Every structure is written in structure tokens, then in C-alpha cells.
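A.B. asks: quick one, fold the following:
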Amino acid sequence: MQKEFSQMWRSSTHESIELFHAYFRNFNFNKHWHDELAVGIIQSGAEKLDYRGQTEIIPQGDIVAINPGEVHTGYTGSEEG
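C.D. replies: Alright, predicted model coming up:
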């Protein structure tokens, strides 16, 4: 079983671009927002999030985009993490 991890990377030439790479099975993000546009690519498993009063499941292979200032959560949406 893969262990949970997270890594943050920031471009040295474009300081406003950050990359967050992670794998979670048990970790949950509480309600929060980002100051910038957040774009996520689900490489495996699924992400579940509470967003705009609904619960959404973003499956493997899909892309999710969340506008700046939009309050949301993030947690595991499948057995695979």
C-alpha cells in the first residue's frame, strides 16, 4: 500500500506558479480557499470535495478547477485514495 505524501514545488522563473503533488487516503482538507486559481489533475483514485453547497467526486483522469476565493474542502473519494 502506498504511503501518504505531499510535496510543494515553486518555479524559480515564475514565482506565482506552485505545484502541489500528493497522495492521500486518510488526510482531509478542512474548508479553505486559495488566493489564485487552483487546477488539479487526478492521476489515480478520486477526490471528493464540498464546493458551492454540493459534494462532487472528481475521478481519475479528470481535471478540477476552483476559482480564487471559493470555499471548498478536499478528501479521498475512493478506496484507492
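A.B. asks: which outside residues touch stretch 31-51?
C.D. replies: Stretch 31-51 is touched from outside by 16, 23, 55-81, with contacts defined as Cβ atoms under 8 Å, 6 or more residues apart in numbering. Using the backbone N, CA and C atoms, a C-beta is placed for each residue, glycine as well.
A.B. asks: so which bits of it are buried?
C.D. replies: Using 16 or more other Cβ atoms under 10 Å as the test for burial, stretch 31-51 gives 38, 40, 42, 45-49, 51.
A.B. asks: ok, back up a step: may I see the ChimeraX selection of the buried members of the contacts of stretch 31-51?
C.D. replies: In ChimeraX, the members of the contacts of stretch 31-51 classed as buried (16+ other Cβ under 10 Å) are selected with the following command:
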select :23,58,64,66,72,74,75,76,77,81
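A.B. asks: narrow the contacts of stretch 31-51 to those in helices?
C.D. replies: Restricting the contacts of stretch 31-51 to those inside helices, with DSSP state H as the criterion, leaves an empty set.
A.B. asks: which residues touch residue 27?
C.D. replies: Applying Cβ under 8 Å, 6+ apart, we find residue 27 in contact with 4, 75-76.
A.B. asks: turn the residues you listed into CSV, including pLDDT.
C.D. replies: Formatted as CSV, the contacts of residue 27 follow (pLDDT from 0 to 100):
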residue, pLDDT
4, 93
75, 94
76, 94
